[in-house]
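*Asks:* When you get a sec, could you give me coordinates for this:
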Amino acid sequence: MPVSLPPALDLSLDLLRCPTCRTRRLHPECGALRCPVGHTFDLARHGYASLLTGSRATSGDDAAMVQARDRFLSTGTYVPVREVAARLAADAMPEQGTVVDVGCGTGYYLAGVLDQLPGARGLGLDTSVRALRSAARAHDRAAAVTWDVFRPFPLVDGAADVVLDVFAPRNPAEFHRVLRATGRLIVVRPTGRHLAELRGQVPAMVTIDPAKEQRLHRALTPFFEAVVTEQVDYSASLSRLDVLDLVSMTPSARHVSRSDLNDGSFLPDQVTVSVLATAYQPR
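*Replies:* Numbering: from 1, shown residues only. Down below sits the predicted model:
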């Protein structure tokens, strides 16, 4: 039986362009999305559209990582991070605006933005089909499609009022192309103090490059100018299960296993959460 077009995807269909032709719009037909010349893309029964072509839509975010992320985010530990991203986005968007979340994961941050703007719509892009199963259900106005941030986005020019990038890779040229001239790019990234207590106890965790801010500035400056930056710093109390989930939901899960952490080793019960959130305007 053909999969029906999810309402949120129907709401955002005008934003999409064929990833093969790169010029033609997509329309629903027989449980799929098609362009006028016949390129066809499946609609998953889990509610997202499979637009990624030429490579498998997979990433390090496997089922275990996504489950860990869902559990950890449900604790509310990152609510202040979600709130600053949502506020910066809401400040930059019209009531009926469009937000595109690149590297959306489970849709947690995108849903936070949409909660602030009852008339807005959202579209999440991610390579992980496991994460997109959650993202497609994260909010009734949030659509989800498979995509790789390093390839030209399957979006029309000027599609978004806000591009959201939270703890995700970046493609400055494509961010600039899909943003409207009055739009904003919101980038949230960790500082060197983020989770320092945990990284101190788990040497295999991925470190934060001290030159991260300089690299970000060099990459974005040709396309964007910073408008406002906010720093969010607080201490969070965590149970042992929270700590295990926190490690397991990040790229560090590729370097340290849950069983390694469960061997009775000391894990901190409190960590520093420290991020920078910047709103950029297109040049």
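
*Asks:* gap between P222 and A277?
*Replies:* 21 Å (Cβ to Cβ, to the nearest Å). Quick note: C-beta positions are derived from backbone N, CA and C, even for glycine.

*Asks:* Counting neighbours around each, name which of the two comes out higher.
*Replies:* More neighbours surround A277 than the other of P222 and A277, with 21 against 10 (other Cβ atoms under 10 Å).

*Asks:* Direction included, what does the helix or strand the more buried one falls within pair against?
*Replies:* Using DSSP states H and E, A277 sits in strand 270-282. Sheet pairing here is set by DSSP bridges, and for strand 270-282 it gives strand 179-190 (antiparallel), strand 224-237 (antiparallel).

*Asks:* Switch these over to a markdown table; also include mean neighbour count.
*Replies:* Formatted as a markdown table, the strands paired with strand 270-282 follow (neighbours: other Cβ atoms under 10 Å):
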| stretch | mean neighbour count |
| --- | --- |
| strand 179-190 | 20 |
| strand 224-237 | 14 |
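
*Asks:* show me where pLDDT drops low in the stretch 151-283 of the chain?
*Replies:* Within the stretch 151-283 of the chain, the ranges that satisfy pLDDT under 70 run 257-260, 262-265.

*Asks:* How about the stretch 1-150 of the chain?
*Replies:* Applying pLDDT under 70 to the stretch 1-150 of the chain flags the ranges 1-2, 54-60.

*Asks:* residue ranges of the strands in it, please?
*Replies:* For the stretch 1-150 of the chain, strands defined by DSSP state E, counting those that start in this stretch occupy the ranges 27-29, 32-34, 40-42, 98-102, 121-126, 142-146.

*Asks:* to the chain's geometric centre, what's the distance from the second one?
*Replies:* Right, strand 32-34. 24 Å (Cα atoms, centre = their mean, to the nearest Å).

*Asks:* Please apply the same query to stretch 97-109.
*Replies:* Its chain's average C-alpha position is 5 Å from that of stretch 97-109, according to Cα atoms, centre = their mean.

*Asks:* Only alpha carbons, please: show it as CSV.
*Replies:* Provided in CSV are the C-alpha atoms of stretch 97-109 (Å, rounded to 0.1, in the frame of the first residue of the first chain):
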residue,chain,number,x,y,z
GLY,A,97,8.2,31.9,8.9
THR,A,98,10.2,28.8,7.8
VAL,A,99,13.0,27.2,9.8
VAL,A,100,15.4,24.6,8.3
ASP,A,101,17.3,22.6,10.9
VAL,A,102,20.5,21.1,9.3
GLY,A,103,21.7,18.0,11.1
CYS,A,104,18.4,18.0,13.0
GLY,A,105,18.9,14.7,14.8
THR,A,106,15.7,13.7,16.6
GLY,A,107,14.2,17.2,16.0
TYR,A,108,14.5,18.3,19.6
TYR,A,109,15.8,21.8,18.8
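
*Asks:* list the buried ones in the lengthiest helix in the chain?
*Replies:* In the chain, with assignment by DSSP state H, the single longest helix is helix 79-92. Going by neighbour count (16 or more other Cβ atoms under 10 Å), the buried part of helix 79-92 is V81, R82, V84, A85, A86, R87, L88, A89, A90, A92.

*Asks:* How about stretch 202-214?
*Replies:* V202, M205, I208.

*Asks:* ok, the residue positioned nearest the centre of the chain to V113 distance?
*Replies:* The chain has C104 as the residue nearest its centroid, 2.1 Å off, counting by Cα atoms, centre = their mean. Using Cβ to Cβ, C104 is found at 11 Å from V113.

*Asks:* intersection of neighbour lists for the two?
*Replies:* Here C104 and V113 share the contacting residues L164, scored by Cβ atoms under 8 Å, 6 or more residues apart in numbering.

*Asks:* right, and A138 touches A111 too?
*Replies:* Yes - with contacts counted by Cβ atoms under 8 Å, A138 reaches A111, the gap being 4.4 Å.

*Asks:* Work out the gap between the one helix or strand V163 maps to and the centre of the chain.
*Replies:* For V163, the enclosing helix or strand under DSSP H and E is strand 160-166. For strand 160-166, the separation from the chain centroid amounts to 9 Å (computed by Cα atoms, centre = their mean).

*Asks:* between that strand and strand 98-102, how many degrees?
*Replies:* Counting by axes from the mean of the first three to the mean of the last three Cα atoms, to 10 degrees, strand 160-166 lies at 30 degrees to strand 98-102.
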